[in-house]
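# Got a sequence here, can you build the structure:
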Amino acid sequence: MASENEDTEILESGEPVESALKSGMEQLVDKIDVPDQLEPVIALFGNHPWVKGLIVLLIFIVLAKVVEWIVMPLVRRLTSHTSTHIDDLIVQYLRSPLFWTLALIGIVASSSMMGIDESVRSTLVSFVISVLILLWMLFAVRISKLLLSEASRRAKPNAVVRPQTLPLFTNIAAITIIVFAVYFIFQSWHVDMTAWLASAGIAGIAIGFAAKDTLANLFSGVFIMADSPYKIGDYVVLDDGGGIRGKVTHIGIRSTRLLTRDDVEVTIPNSIMGNSKVVNESGGPHVKYRIRVAVGVAYSSDIDQVRDVLMSVARESETVCDQPESRVRFRAFGASSLDFELLCWVDNPELRGRVLDALNSAVYKRFLMEGIEIPFAKQDLYIKEMPDNAV
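Now for the predicted structure:
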């Protein structure tokens, strides 16, 4: 069994990380291979190596079952009294890895008792370590997803981890855990990763030059998810894209999809979305959207009456919000009219066209009833004199 001083010497001697990892794995195997505490029990069943190995395996399986059937239920009963459900899920996720860890350790320990050939045993140890790494990798991925989901659920509006950025951080955490797991699996089989890492770096540079547009979209997608200028369900207007206006239906790593009012889906690369001026009509303190009804009246009209009629139309409309309150503004003295504007709010930008149509119709009918004239541009042509040769 290796001592703690040997561990310190390995790290202080300036050896590469790969050598330290290999030595650490070998020391772990050596610790597993010496079940001194079990020798008195094993001696009761004879000295045949295969019998000893089977007994050791049986003991570890029984220990794993004790942990699964007795220890874990007790821990779960304790965590059930806490105010959060996270610890309950962690205990649930921990049950399978713990059982298989003890069972696989039993396989390695029993192989040392059976006198198996060293090369076969080394392969078995590498295989067992690889399986253990995969088991705990899956456990780490599930725990990271659980913790990030809980953090996004409790996040404040400006928090880094929130529902909009949750898929980004979940994927980053999963990829990081998988990369480390693959690295340690290669180390368990004593594969030198230096050449692989160098090849991956050269390949990454080549792929970066060949797919720069795709990478630009990918990076822009990451920044959009992190910055969250808009979210799914928002109505946005892309000023640099021909005035495209639509509802955001999907935010991906490569592109963003908008559903226009014509029920046409438009897919826009994230590099364009990231470099364009995007007007989020659903942004701000609330989702409500203000619409403007512009109308002109004759110069002989009573402006107070016009205000009252416009406010009455807004109050009688069922689609106009009570809060914020509607208002009327006298905007300008036009060429042939007094220009007014009715400002009112609707619950969603999607209702803009429908409500504007209803308000325009109501304003026109009320003006006819109230005798308020809506002027229109006209020209009078005066002929000063007829030409002498006119017929």
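# all contacts plus neighbour counts: C-alpha atoms, from now on.
Fine.
# Now G221. Nearest residue, chain neighbours left out?
Closest residue to G221 apart from its sequence neighbours, by Cα to Cα, 6 or more residues apart in numbering: I253 at 4.5 Å.
# Doesn't the one you found lie inside a strand?
No. With DSSP: H, G, I helix; E, B strand; the rest coil as the criterion, I253 is assigned coil and is not in a strand.
# gap between it and V161?
Going from I253 to V161 by Cα to Cα, to the nearest Å gives 17 Å.
# Between these two, which is the more surrounded one?
Per other Cα atoms under 10 Å, whichever of I253 and V161 has more neighbours is V161, with 23 against 20.
# wait, that one sits on E150?
No. V161 is beyond contact range of E150, at 9.7 Å (criterion: Cα atoms under 8 Å).
# Which stretches in the stretch 1-150 of the chain count as helices?
4-12, 17-32, 39-43, 49-66, 72-79, 86-114, 118-153 (DSSP state H, counting those that start in this stretch).
# List of residues touching the following helix or strand past the last one?
Read in the C-terminal direction, the helix or strand following helix 118-153 is helix 166-188, with elements assigned using DSSP states H and E. Contacts made with helix 166-188 from outside it, assessed by Cα atoms under 8 Å, 6 or more residues apart in numbering, are listed as 18, 21-22, 25, 126, 129-130, 133-134, 137, 140-141, 144-145, 148-149, 152, 161, 192-193, 222, 225-226.
# angle of helix 166-188 against helix 118-153?
Orientation of helix 166-188 against helix 118-153 (axes from the mean of the first three to the mean of the last three Cα atoms, to 10 degrees) gives an angle of 170 degrees.
# Run the chain-centre distance for the helix or strand just after helix 166-188.
Following helix 166-188 in sequence order, the next helix or strand is helix 194-210 (DSSP H and E). In terms of Cα atoms, centre = their mean, to the nearest Å, the centre of helix 194-210 is found 28 Å from the chain centre.
# average pLDDT across helix 194-210?
Averaged across helix 194-210, the pLDDT comes to 74.
# Need the residues that contact that helix.
Outside helix 194-210, the residues that touch it by Cα under 8 Å, 6+ apart are L215.
# How about stretch 98-111?
Residues outside stretch 98-111 that contact it (Cα under 8 Å, 6+ apart) are 29, 32-35, 52-61, 63-65, 67-68, 121, 124-125, 128, 132.
# Now that we have those residues, which of them are buried?
Buried residues within these, counting neighbours by 16 or more other Cα atoms under 10 Å: 29, 32-33, 52-61, 63-65, 67-68, 125, 128, 132.
# Could you tell me whether T249 really is in a helix?
No. Read with three-state DSSP, T249 is strand and lies in no helix.
# List the contacts of E350.
E350 touches Y235, counting by Cα under 8 Å, 6+ apart.
# secondary structure class for it?
Following three-state DSSP, the label given to E350 is helix.
# cool, T267 as well?
Relying on three-state DSSP, one would call T267 strand.
# which element is the closest residue to it other than its chain neighbours on?
Excluding the flanking residues, the one nearest T267 by Cα to Cα, 6+ apart is R257, at 4.5 Å. According to DSSP H and E, R257 maps onto strand 255-260.
# Quick one: residues in contact with that strand.
Residues outside strand 255-260 that contact it (Cα under 8 Å, 6+ apart) are 217, 221, 244-251, 265-270, 273.
# Let's see the PyMOL selection covering just the buried ones among the residues you listed.
Buried subset of the contacts of strand 255-260, written as a PyMOL selection, criterion 16+ other Cα under 10 Å:
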select buried, resi 217+221+245+246+247+248+249+251+266+268+269+270+273
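# Now do the closest residue to G246 other than its chain neighbours against V355, distance only.
Spatial nearest neighbour of G246, excluding adjacent residues (Cα to Cα, 6+ apart): T260 at 4.1 Å. Using Cα to Cα, T260 is found at 17 Å from V355.
# higher neighbour count, these two?
Counting neighbours by other Cα under 10 Å for T260 and for V355 shows that V355 has the greater number, 20 against 17.
# What residue spans form the domains of the chain?
12-201, 228-280, 289-370 (automatic domain parsing).
# just checking, which of the ones you listed comes out with the lowest mean pLDDT?
When those are compared on mean pLDDT, domain 12-201 scores lowest, with a mean of 78.
# Off-centre distance for that domain?
With Cα atoms, centre = their mean, you get 28 Å for domain 12-201.
# returning to what we had before: compile the helices of the stretch 1-150 of the chain into CSV and extend it with columns for distance to V306.
Listed next are these as CSV, based on distance: least, Cα to Cα, whole Å:
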stretch, distance to V306
helix 4-12, 86
helix 17-32, 82
helix 39-43, 102
helix 49-66, 84
helix 72-79, 68
helix 86-114, 62
helix 118-153, 50
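# Quick one, which of those gets closest to P387.
Among those, helix 118-153 comes nearest to P387, with 84.5 Å by Cα to Cα.
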